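Colleague: model the structure of this input:
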Amino acid sequence: MTDLTSTVVRLKLSLLSNGLRQSGGRRAAFVVSAVVAVLFALLELLGLLALRGNAHAEAVAVPGTAVLALGWAVLPLFFPTGDETLDPTRLVMLPLRPRPLVRALLAASLVGIGPVYTLLVLAGCALAVAHGAAGYAVAVLGVALALLVCVALARAVATANVRLLTSRRGRDLAVLSGLVIAIGAQLVNFAARQLGSAGLGQLQPVADALGWVPPASAVAAVRSASEGSYGTAVAQLAVTAAGLAALIAVWARSLTRLMTAPDGSTLQAADAGAQGRESGGLGRLLPGGRTGTVMERSLRYIWRDPKTKAAWVTSLAIGLIVPVFNALQGTGSVYFACFASGMLGIQMYNQFGQDTSAFWMVAMTISSPRDAYTELRGRALALLLITLPYTALVTVVTAAVLGSWPRLPEVLGLAFAVLGAMLATGAWTSARFPYSIPQEGHKNVAAGQGGLAWLSIFGGMVAAALLCAPVIALTIWLNLSADGASWRWLLLPVGAGYGTALTLLGLRLAAPGTAARLPEILTAVSKG
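Modeller: Numbers count the residues shown, from 1 in each chain. Down below sits the predicted model:
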């Protein structure tokens, strides 16, 4: 009988090679990603080696190992299609037992760019704190154990969530990967600033705590062995081995349940329960007539459609992160809160693109500019249900962090004016420059419509900034005027009123174009 481990490893290699044969672009992307990953790993390896002999080397190496393991745990949730062998349900019809299958899949997990990158970084973490023969000997064993913990962690997470990851809702998680990257970049930037001002010493308590958490405990064991604390090193290696054994046990149990239990996601009872929950009273809380119907449809798009949901979550998160994180770092301004208005106002752009080819049902209900105005007004009101309170929340939080309470009214008024300008230009560009949003894949613009999308969004943003010029000029004048401080509170009602007027004017101007261009809009949004 052919050894199962070697068979699965060969299967993994075949999947990689066959995938590269599909197109030259895919081969080029693989080569570029491999080269970039190895270069980054080598740079990190050199950086960690440069820390040898530094008093704070452990404070970097041990938390770095923990962060690396965290990445292995999270990435399968956002990139479930990156490795076909992460889905063991493909093997469900084969007569395989869990234990041999676990060993085979664990070995297959060591094939790829990710394991090579992880191995180089883990080697750098271990060598940064290794000294003497005992330290190097423990480093070899510690790196091997840490690498196995990382891949076993990824396998356990993927297997436990494979039903989710292979469903449409699971694929929605991949769309949110940009949000994770954006938040992570802000966190890294914030942490780097803090470390730059306070030094690496403040990471030592974190390293001491993580020294007993696998797989970081494997690197901590290298430091203990280098210092002659052989008992502590053995205990930390034992903790890593125990963690690996626990992960494999959890993985095997999930694998057994997955390979033997039916898929409950297809049961009619679940669908019936979901339909019962969806028939709630959202409509009773909205206005009557067409306006309420359009608002409810738009809100359901935000909740159900993967691309629309991802765009909203990203805008909400980044709209809060940019002003608040800059305020926490001491480099921000309370006026940065207007960034949230801009991010949320973008959601008004390309309103009909999210309908795709189903826009024909909307077009059938529009027979006059009045119908088009009611349609656009309902969509704008649905956005305002979320954007108005969220803009106020971001402004208040930013003012609280900076302690700029006297400027809260003027900033809030300016933020409302920006939001109104974005809604006005978004309604107009939705009718003049519609484009299709593909339902499959990660692209948010159909092929050949990229220039149209850029023109719509950035042209509208520039126009919105120009429309806000009177409020911006009034804000500057009151701040420069000697007696302006006592009148700055007027910017709140002025900005709110001006934003409302811009929104209504934009809807009025967009309605005739929408009613007149229904065939062109349907053609444009149906290309995806």
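Colleague: okay, buried residues for stretch 116-123 please.
Modeller: Residues of stretch 116-123 classed as buried by neighbour count (16 or more other C-beta atoms under 10 Å): 117-123. Yep, even glycine has a C-beta here, placed from its N, CA and C like the rest.
Colleague: between these, which is nearest Gln439?
Modeller: Tyr117 (32.7 Å; C-beta to C-beta).
Colleague: can you pull the contacts of the closest one?
Modeller: Tyr117 is in contact with 37-38, 40-41, counting by C-beta atoms under 8 Å, 6 or more residues apart in numbering.
Colleague: swap in 6 Å and give it another go.
Modeller: Tyr117 makes contacts with 37, 41, as judged by C-beta atoms under 6 Å, 6 or more residues apart in numbering.
Colleague: repeat that for Val494.
Modeller: Neighbours of Val494 in contact, by C-beta under 6 Å, 6+ apart: Gly413.
Colleague: give me the neighbour count for the spatially closest residue to Leu148 that is not a sequence neighbour.
Modeller: What sits nearest to Leu148 in space, not counting adjacent residues and going by C-beta to C-beta, 6 or more residues apart in numbering, is Leu244, at 5.6 Å. Neighbours of Leu244 under the rule other C-beta atoms under 10 Å: 22.
Colleague: state the mean pLDDT of the helix or strand harbouring Leu244.
Modeller: Using DSSP states H and E, Leu244 sits within helix 230-260. Helix 230-260 comes out with an average pLDDT of 89.
Colleague: got the buried residues for that helix?
Modeller: Under the neighbour-count criterion of 16+ other C-beta under 10 Å, helix 230-260 has 232-233, 236-237, 239-241, 243-244, 247-248, 250-252, 254-256, 258-259 buried.
Colleague: show me the buried residues of stretch 116-123 that map onto helices.
Modeller: Counting by DSSP state H, the buried residues of stretch 116-123 place 117-123 in helices.
Colleague: and the helices in the stretch 101-250 of the chain?
Modeller: 113-129, 132-160, 162-165, 168-175, 177-198, 204-210, 216-226, 230-260 (DSSP state H, counting those that start in this stretch).
Colleague: go through those and name the closest to Gln449.
Modeller: Nearest of the helices of the stretch 101-250 of the chain (C-beta to C-beta): helix 168-175, 18.7 Å.
Colleague: low-confidence ranges in the protein?
Modeller: In the predicted model of the chain, residues 1-2, 19, 22-23, 25-26, 76-93, 162-201, 261-283, 440-444, 446-448, 528 satisfy pLDDT under 70.
Colleague: quickly list the domain ranges of it.
Modeller: Taking automatic domain parsing as the domain assignment, the ranges for the chain are 4-9+23-261, 288-525.
Colleague: need the ones you listed in a markdown table with distance to Leu16, can you?
Modeller: Shown next, in a markdown table, are the domains of the chain (distance: least, C-beta to C-beta, whole Å):
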| stretch | distance to Leu16 |
| --- | --- |
| domain 4-9+23-261 | 7 |
| domain 288-525 | 21 |
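Colleague: those domains: which one's closest to Ser17?
Modeller: Once the domains of the chain are compared by C-beta to C-beta, domain 4-9+23-261 is nearest, at 10.2 Å.
Colleague: just how off-centre is that closest one within its chain?
Modeller: 20 Å (C-alpha atoms, centre = their mean, to the nearest Å).
Colleague: what does stretch 503-510 give?
Modeller: Put simply, stretch 503-510 sits 33 Å off its chain's centre (C-alpha atoms, centre = their mean).
Colleague: which other residues reach that stretch?
Modeller: The list of residues contacting stretch 503-510 from outside it, by C-beta under 6 Å, 6+ apart, reads 373, 376-377, 420, 423-424, 427-428, 431.
Colleague: and of those, the nearest to Gly64?
Modeller: Leu423 (45.2 Å).
Colleague: list the contacts of the closest one.
Modeller: Taking C-beta under 6 Å, 6+ apart, we find Leu423 in contact with 348, 380, 503.
Colleague: what do you get for Gly132?
Modeller: Ser226.
Colleague: before we move on, the earlier item: which single one of the buried residues of stretch 116-123 is nearest to Arg27?
Modeller: Tyr117 (19.4 Å).
Colleague: gap between the closest one and Ala427?
Modeller: To Ala427, Tyr117 is 47 Å away according to C-beta to C-beta, to the nearest Å.
Colleague: likewise for Ala123?
Modeller: 56 Å.
Colleague: what's the answer for Leu110, then?
Modeller: Leu110 is 54 Å from Ala427, by C-beta to C-beta.
Colleague: between those two, which has more neighbouring residues?
Modeller: When neighbours are counted by other C-beta under 10 Å, Leu110 and Ala427 differ, and Ala427 comes out ahead with 30 against 16.
Colleague: which SSE is the closest residue to Ala104 other than its chain neighbours in?
Modeller: The shortest distance from Ala104 to any non-neighbouring residue, by C-beta to C-beta, 6+ apart, is to Val8 (3.8 Å). Using DSSP H and E, Val8 sits in helix 4-20.
Colleague: and stretch 445-461, C-alpha only, in CSV?
Modeller: Provided in CSV are the C-alpha atoms of stretch 445-461 (Å, rounded to 0.1, in the frame of the first residue of the first chain):
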residue,chain,number,x,y,z
VAL,A,445,-15.2,47.0,-11.1
ALA,A,446,-16.0,45.0,-14.2
ALA,A,447,-13.3,44.8,-16.9
GLY,A,448,-13.1,47.9,-19.0
GLN,A,449,-14.9,50.1,-16.5
GLY,A,450,-12.0,50.9,-14.3
GLY,A,451,-11.5,54.4,-15.7
LEU,A,452,-15.2,55.1,-15.4
ALA,A,453,-15.1,54.1,-11.7
TRP,A,454,-12.1,56.3,-11.0
LEU,A,455,-13.7,59.3,-12.8
SER,A,456,-16.9,58.8,-10.9
ILE,A,457,-15.4,58.6,-7.4
PHE,A,458,-12.5,61.0,-7.6
GLY,A,459,-14.3,63.5,-9.8
GLY,A,460,-17.2,63.4,-7.4
MET,A,461,-14.9,63.9,-4.4
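Colleague: ok now it, how far from the chain's centre?
Modeller: With C-alpha atoms, centre = their mean, you get 22 Å for stretch 445-461.
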